[in-house]
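Trainee: The sequence and its predicted three-dimensional model are supplied below.
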Amino acid sequence: MFTLVNRKSGFARGALCLALLLMASVAPAHEHSRCAVDDRDREVCLHNAAQRIATLSPGATELTYAAGAGTQVVAVVSYSDYPAEAKQVASVGSHTRIDLEKLVGLAPDLVIGWVTGNPAEQLETLEALGMPVFYIEPRDVEGVASAIERLARLAGTETAGQAVADNFRNTMSALEERYRDRESIPTFYQVWDEPLMSVNDQHLIGQVVEICGGENVFGEQARLVPRIDDEAVLAANPEAIFAGGMGEENRHWLTHWEQYPNLTAVAEDNLFFVPPSLIQRPTPRLMEGTQLLCEKLDIARQKRERS
């Protein structure tokens, strides 16, 4: 923090003034009317509803808009592309490299951080300046709904946020009731290509596979996002492979597997694309991504019945 401040004297003065203002607005919990516990199990309290919110991941941006606080967002990071209005908000770099000077200049009164995605030292710098940082990282369906409710609490948009959270819970529950007990399909979800990575059953995507009646072939791996190789996939021999690629229309990750004609997923033509933003971001659009994944697994079941 001090190195950055010493190099940027203007930033230092601005940061100091902002810190003094923020310190005046942040006090012990008992003096506040708006408190919420973040995903680092810390209670964050504000005197008043946040009016200038910075969201430091695309998922945080979506969740804040879902909570009804979109008009209060003043800073986002790259790839914050949903909803469309978010594209018009000032960007303060990427989630892995935040432009602190620009962010401080926008004077947010609440920063939404990503527990494992943002640089810890940069968020610590913001906290040292007196900015309230609320960390989020939903790990399950309830975590997504809860994040919306907690963000709405801090933003003063409880009614709108509660409606979205309730709809998300109800929709995901209905999908689970409809699909979970259907004939199991051994499934590989590819979350990255170099290095090749999947998810275990504790990951939100792994839970989606389970909701849809799939059997995650790497579900028992110890790591949340295990690194694997082609040989591991061939040994697991999934009946369905899902991948999203690095963009909404980038399907090349799936074509890689076509070189293995004896792989069941290839032989049965069960190589399925799901837009990554619908399933790899822990947001309400997970409802749409889950529906798509469930429908694809039903296609695999129908092929099994015909063979």
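Mentor: Okay, I see it.
Trainee: switch to C-alpha atoms for all contacts and neighbour counts from now on
Mentor: Noted.
Trainee: Around the nearest residue to V225 once chain neighbours are set aside, how many other residues sit close by?
Mentor: Leaving out its chain neighbours, the residue that sits closest to V225 by Cα to Cα, 6 or more residues apart in numbering is V199, at 4.5 Å. V199 sits with 27 neighbouring residues when counted by other Cα atoms under 10 Å.
Trainee: Ok, the one 5 residues further on next?
Mentor: Residues within reach of L204, counting by other Cα under 10 Å, total 23.
Trainee: quick one on the thing from earlier: for the residue nearest to V225, helix, strand, or coil?
Mentor: Following DSSP: H, G, I helix; E, B strand; the rest coil, the label given to V199 is coil.
Trainee: quick one: it from F242, how far?
Mentor: 12 Å (Cα to Cα, to the nearest Å).
Trainee: which residues do these two both contact?
Mentor: Shared contacts of V199 and F242, defined by Cα atoms under 8 Å, 6 or more residues apart in numbering, comprise 189-190.
Trainee: hmm, who's touching stretch 74-85?
Mentor: 52-59, 61-62, 65, 86-87, 89-95, 98, 103, 106, 108.
Trainee: and that stretch, how far out from the chain's middle?
Mentor: 13 Å (Cα atoms, centre = their mean, to the nearest Å).
Trainee: Ramachandran coordinates for L234?
Mentor: Backbone torsions for L234, taken as degrees, to the nearest 10, come to phi -60, psi -40.
Trainee: show me the contacts for it.
Mentor: Contacts for L234 (Cα under 8 Å, 6+ apart) come out as L263.
Trainee: Mind pulling up the pLDDT for it?
Mentor: Looking at L234, its pLDDT is 98.
Trainee: how about the strands of the stretch 201-307 of the chain, start to end?
Mentor: Applying DSSP state E, counting those that start in this stretch to the stretch 201-307 of the chain gives strands spanning 214-216, 240-243, 271-273.
Trainee: Give me the helices and strands touching the second one, please.
Mentor: To tie it back to what came earlier, the one meant is strand 240-243. strand 185-190, helix 252-255, helix 264-267, strand 271-273 (3 or more Cα pairs under 8 Å, 6 or more residues apart in numbering; DSSP states H and E).
Trainee: Relative to the shortest one, what are the paired strands and their orientations?
Mentor: Strand 271-273 has the following strand partners under DSSP bridges: strand 240-243 (parallel).
Trainee: And the helices in the stretch 101-250 of the chain?
Mentor: Applying DSSP state H, counting those that start in this stretch to the stretch 101-250 of the chain gives helices spanning 120-128, 141-155, 158-179, 204-211, 230-236.
Trainee: For these, give me JSON lines that also has distance to A267.
Mentor: Formatted as JSON lines, those follow (distance: least, Cα to Cα, whole Å):
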{"stretch": "helix 120-128", "distance to A267": "45"}
{"stretch": "helix 141-155", "distance to A267": "33"}
{"stretch": "helix 158-179", "distance to A267": "24"}
{"stretch": "helix 204-211", "distance to A267": "21"}
{"stretch": "helix 230-236", "distance to A267": "13"}
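Trainee: Grab the nearest non-local neighbour of M197.
Mentor: M197's closest residue in space is R227 (Cα to Cα, 6+ apart), at 4.5 Å.
Trainee: hang on, the one you found packs against L196?
Mentor: Yes - between R227 and L196 there is a contact under Cα atoms under 8 Å: 5.9 Å.
Trainee: out of the two, which sits in the more crowded spot?
Mentor: R227 (17 against 14).
Trainee: how close does the more buried one sit to E305?
Mentor: Distance, R227 to E305, using Cα to Cα: 33 Å.
Trainee: cool, and Q202?
Mentor: Q202 is 30 Å from E305, by Cα to Cα.
Trainee: L278 now?
Mentor: Taking Cα to Cα, one finds L278 at 29 Å from E305.
Trainee: So the two - more neighbours on which side?
Mentor: Under the criterion of other Cα under 10 Å, the comparison of L278 against E305 puts L278 first, with 20 against 8.
Trainee: What lies in contact with stretch 299-307?
Mentor: Here stretch 299-307 makes contact (Cα under 8 Å, 6+ apart) with 183, 185, 239-240, 268, 270.
Trainee: Mind picking the two most distant members of those residues?
Mentor: E183 and E268 (16.3 Å; Cα to Cα).
Trainee: out of those two, which sits in the busier spot?
Mentor: Using other Cα under 10 Å as the criterion, E183 and E268 rank with E268 on top: 16 against 13.
Trainee: And stretch 295-307, what's buried?
Mentor: By 16 or more other Cα atoms under 10 Å, the buried positions in stretch 295-307 come out as 296-298, 300-301.
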